[in-house]
Structure formats: C-alpha cells, structure tokens
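Peer 1: 3D, please:
(one chain, ligands or ions: 1)
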Amino acid sequence: MRSRYSAYCLHDVDYIYRTYHTSCRADNPKPTLAAFAENSHFISLKVLSCEQSSQQGYVSFNVRYIQQNVLYEFTERSRFVFEDAWYYVDGVMTDKTPVKLQRNILCPCNSGKKFKQCHRHRLSGN
Ligand SMILES: [Zn+2]
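Peer 2: Here you go, the predicted structure:
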C-alpha cells in the first residue's frame with residue numbers, strides 16, 4: 001500500500017495500474033489515473049492499521065493531498081488480495097470536507113513555507 005502511495009507521488013501510473021486487481025482495471029483506466037496523479041500533490045500518509053491473512057489483507061490509512069489549492073483528506077480501509085502478488089481490490093472511504101487554502105497560510109505539507117511559496121497552484125487565480 002505504501003508502494004502504491006509512492007507511485008502516486010512519483011506519477012508512476014504503470015505501477016498503480018498493475019497493482020489494481022484485474023477485475024478493477026477497466027474502471028480505472030491509465031489516463032484517469034495519470035490525470036489524478038498529475039493534479040494532486042500528496043502531502044501525508046498515515047497507516048492506521050494492517051490486518052493480513054495469507055489470501056487477503058486490509059490496510060487502513062489516512063491521506064492528505066492538495067489539488068488546485070484545495071486540501072483534501074480521506075481515510076480508507078483498502079482491501080488487497082494475494083494471487084501471484086498483492087493486488088488492490090477496493091476500499092471503503094471516509095472523506096473530510098475539502099478546505100480551500102489561502103495563499104498566506106503555512107503550507108499544510110509542513111515545509112514551514114507559506115502556501116504561496118510552496119504547493120500553491122500558480123496558474124489559478126486568488
Ligand atoms: Zn508545501
């Protein structure tokens with residue numbers, strides 16, 4: 001699961017696609033994954049719990065990312081199955097209300113910089 005998060009950060013769409021279970025690939029075509037990864041700046045990942053048997057695993061995590069100057073946060077309980085490798089099948093997601101970020105606040109990525117000097121999307125207004 002961490003490796004999938006890293007792949008999102010690195011825009012490694014092939015990896016994200018390959019680690020989807022074959023039954024889910026049609027619903028998650030590469031261009032959609034690529035567009036999401038490119039427009040999102042992932043700023044934190046917290047793994048809350050892992051449960052694993054030989055065939056199935058569940059990983060609960062909290063993730064925060066910025067998209068177009070809005071901070072998104074959700075918690076997901078992801079289900080993985082083991083075949084020749086671990087594959088992501090689906091997850092139950094709980095979304096927080098997105099927060100519009102003002103330019104002069106401290107950037108939520110904890111860089112210590114102001115948002116406008118860090119992850120702010122420079123092409124949009126405000
Ligand atoms: Zn930042």
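
Peer 1: all strands for the protein, in order.
Peer 2: Remark: strands assigned in the chain by DSSP state E are 40-52, 56-67, 70-82, 86-95, 99-100.

Peer 1: Against Arg103, how distant is the nearest residue to Tyr87 once chain neighbours are set aside?
Peer 2: Spatially, and ignoring its direct neighbours in sequence, Tyr87 is nearest to His21 (4.0 Å; Cβ to Cβ, 6 or more residues apart in numbering). C-beta here means a position set from N, CA and C on the backbone, and glycine is covered the same way. To Arg103, His21 is 41 Å away according to Cβ to Cβ, to the nearest Å.

Peer 1: What of Tyr72?
Peer 2: Separation of Tyr72 from Arg103 (Cβ to Cβ) stands at 18 Å.

Peer 1: Could you check which of the two has the larger neighbour count?
Peer 2: Set Tyr72 next to Arg103 and count neighbours by other Cβ atoms under 10 Å: Tyr72 wins out with 18 against 11.

Peer 1: what's near enough to touch that one?
Peer 2: Counting by Cβ atoms under 8 Å, 6 or more residues apart in numbering, Tyr72 touches Arg64, Tyr65, Ile66, Asp95, Lys96, Pro98.

Peer 1: So which residues on this structure come close to the ion?
Peer 2: By the rule Cβ under 5 Å from the ion, the part of the chain lying against the ion is Cys107, Cys109, Ser111, Cys118, His119.
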